[in-house]
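>>> can't give you the sequence, but here's the structure:
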């Protein structure tokens with residue numbers, strides 16, 4: 001049964017130290033507010049999964065929440081590196097972070113496999129890639145029907161999946177509009193799914209081919225207007241490009257980052 005709650009209560013009830021968590025959103029509907037609440041509640045030893053970890057994962061890593069990253073690309077889109085992630089990998093600050101790197105195709109297929117209840121994803125990929133030389137979770141298998149060589153990776157099945165969406169209705173169904181990445185796969189593959197939304201409505205107004213998550217796939221819904229900022233929510237607010245540019249300067253030094261963390265997240269809302 002879907003529970004309507006506050007963001008702080010949803011994180012307190014769902015997220016535990018040591019959990020594997022996916023906070024997904026592909027340039028759009030990135031669940032920043034939920035990530036900041038995880039920081040405020042000082043969760044530790046997390047394994048974070050995401051196809052394109054950007055600023056929110058930089059912030060979670062810099063806050064010392066993260067033990068491991070599973071990802072397929074990482075950076076500040078259009079700007080440069082994730083300096084807090086680099087510091088953790090290169091200098092173990094504020095703690096060491098293990099990384100497991102994949103291709104986009106591998107991650108998308110692994111989420112799909114998890115959503116389908118399968119143990120692994122099988123696809124054409126990694127031909128000529130050296131990632132399989134450093135990632136033991138990339139295997140080569142052969143099709144039993146054609147003999148074709150294929151790649152295989154474990155299905156992604158997070159303890160907690162967290163996404164942001166435009167709206168939910170009072171029955172707990174959720175509507176995502178605009179660019180949709182793997183949010184629906186996250187909801188279906190995760191043991192526990194938390195959704196933050198811009199608003200609760202009587203009728204979703206979903207048209208043909210809309211992406212609607214049925215209530216049975218969602219465990220907790222929290223109304224958090226602006227919950228995806230500084231990324232954007234189609235139909236609600238644009239991307240804050242200045243934030244991404246400013247983040248490069250904030251995150252380059254430990255001192256600047258820690259000052260930002262204290263002022264904007266620990267004692268603020270960071271939005």
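Sure, I can see it. Being a predicted model, the structure only gives us computed values, none of them experimental.
>>> low-confidence ranges in the chain?
Along the chain, the model assigns pLDDT under 70 to residues 269-271.
>>> which parts of it are helices?
7-14, 32-40, 55-62, 83-91, 104-115, 131-134, 183-189, 241-252, 254-260 (DSSP state H).
>>> other SSEs contacting the third one?
Read it as helix 55-62. Identification of packing neighbours for helix 55-62 by 3 or more Cβ pairs under 8 Å, 6 or more residues apart in numbering; DSSP states H and E yields helix 32-40, strand 46-50, strand 66-71, helix 83-91, helix 241-252. Every residue, glycine included, has its C-beta placed from N, CA and C.
>>> tell me which residues are up against the longest one.
In this structure, residues lying in contact with helix 241-252 by Cβ atoms under 8 Å, 6 or more residues apart in numbering are 55, 58, 62, 76-80, 82-84, 230, 256-257, 260.
>>> 7 Å instead?
55, 58, 62, 76-80, 83-84, 230, 256-257, 260 (Cβ atoms under 7 Å, 6 or more residues apart in numbering).
>>> which of the residues in that helix are classified as buried?
Buried residues in helix 241-252, counting neighbours by 16 or more other Cβ atoms under 10 Å, are found at 243, 244, 247, 250, 251, 252.
>>> repeat that for the third one.
Neighbour-count burial for strand 66-71, with 16+ other Cβ under 10 Å as criterion, is recorded at 66, 67, 69, 70, 71.
>>> next: the fourth one.
Taking 16+ other Cβ under 10 Å as the neighbour-count basis, helix 83-91 is seen to contain the buried residues 83, 84, 85, 86, 87, 88, 89.
>>> same thing with stretch 8-25?
10, 11, 14, 15, 19, 20, 21, 22, 23, 24, 25.
>>> wait, isn't the fifth one in contact with residue 46?
Yes - Residue 19 sits in contact with residue 46 when judged by Cβ atoms under 7 Å, with a separation of 5.9 Å.
>>> tell me what residue 4 is bridged to.
residue 221 (DSSP bridges).
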